[in-house]
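Asker: What would the 3D arrangement of this be:
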Amino acid sequence: MKNCVYLCLTLLILGLSTPIQAKLASNAMATRMNMMDHSHTPIEVPEATPIPALSLSLSKDIMTGYNVHLIIDNFSITPPPVDAKGMDDLAITQVDKKTGILEGHAHLYINGIKTQRLYGQDVHISGNLLKQGINSISVTLNNHRHMYWTVSQQKVVATLYIDTQSPKLIKYQFEGFPVQSTLKQ
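Answerer: Numbering: from 1, shown residues only. Alright, predicted model coming up:
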């Protein structure tokens, strides 16, 4: 929105538009920005698709911070398709043609705030992103339009509650659809 204001002011200062034309240009820019919406709304896993499962493991990094490993079943973490021309192209459900499982990426949340997208199964969390004491680390599985996957309206999410001041780091672990393998890697 700040860009829209700058555009209006620039056009007015240069005498290239009237206030009404500047407002129309601002509205057009706002519309384009809405088309790039990253609102993180739910999307239901298609009925014939295997249900994705997600679990997390956490270890203290040797130097600083923590390392999170995503344990995933029935989901392939991939970068967005390079041939996508816009957000509408990303709304198409991506399914691996060989395995039939969903493709997409993950979102990392620290204490409820989205910090980044994940295109792989391992991520380092800098110690300065965490407060002293109890913190939550959550990961959701998403399509490339940033909509989070759900099954029967339940989010595919895994959350760790950790205590940075305790020898027992993980205090509580929640997984909406946990990986069932006894060999969680």
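Asker: Helices of this structure, start to end?
Answerer: With helices called from DSSP state H, the chain shows them at 2-13, 19-35, 87-90.
Asker: tell me the contacts of the residue nearest to D61 when sequence neighbours are not counted?
Answerer: Spatially, and ignoring its direct neighbours in sequence, D61 is nearest to N67 (5.3 Å; CB to CB, 6 or more residues apart in numbering). C-beta here means a position set from N, CA and C on the backbone, and glycine is covered the same way. By CB atoms under 8 Å, 6 or more residues apart in numbering, the residues touching N67 are L58, S59, K60, D61, D122, V123, H124, I125.
Asker: of all the residues you listed, which comes closest to Y148?
Answerer: Nearest to Y148 among these is V123, at 17.3 Å by CB to CB.
Asker: circling back: and the residue nearest to D61, what pLDDT?
Answerer: pLDDT, N67: 97.
Asker: H144 too?
Answerer: With respect to pLDDT, H144 has a value of 86.
Asker: same check, this time on S17
Answerer: pLDDT at S17 comes out at 47.
Asker: show me where pLDDT drops low in the chain?
Answerer: 1-40, 84-93, 181-185 (pLDDT under 70).
Asker: Dig out what the residue positioned nearest the centre of it forms beta bridges with.
Answerer: Centroid check for the chain by CA atoms, centre = their mean gives H107 as the closest residue, at 2.5 Å. Counting by DSSP bridges, H107 forms beta bridges with R117, T140.
Asker: ok, now L56?
Answerer: Here L56, judged by DSSP bridges, has bridge partners L70.
Asker: show me the contacts for it.
Answerer: Contacts of L56 by CB under 8 Å, 6+ apart are V68, H69, L70, I71, I137, V139, A158, T159, L160, Q173, E175.
Asker: And the strands in the protein, which stretches?
Answerer: 42-44, 53-60, 66-73, 75-77, 102-110, 113-118, 122-125, 134-142, 148-151, 154-155, 157-163, 170-175 (DSSP state E).
Asker: Turn those into a markdown table, columns for distance to D96.
Answerer: Conversion of the strands of the chain to a markdown table gives the following (distance: least, CB to CB, whole Å):
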| stretch | distance to D96 |
| --- | --- |
| strand 42-44 | 17 |
| strand 53-60 | 15 |
| strand 66-73 | 13 |
| strand 75-77 | 5 |
| strand 102-110 | 6 |
| strand 113-118 | 18 |
| strand 122-125 | 20 |
| strand 134-142 | 14 |
| strand 148-151 | 15 |
| strand 154-155 | 22 |
| strand 157-163 | 21 |
| strand 170-175 | 23 |
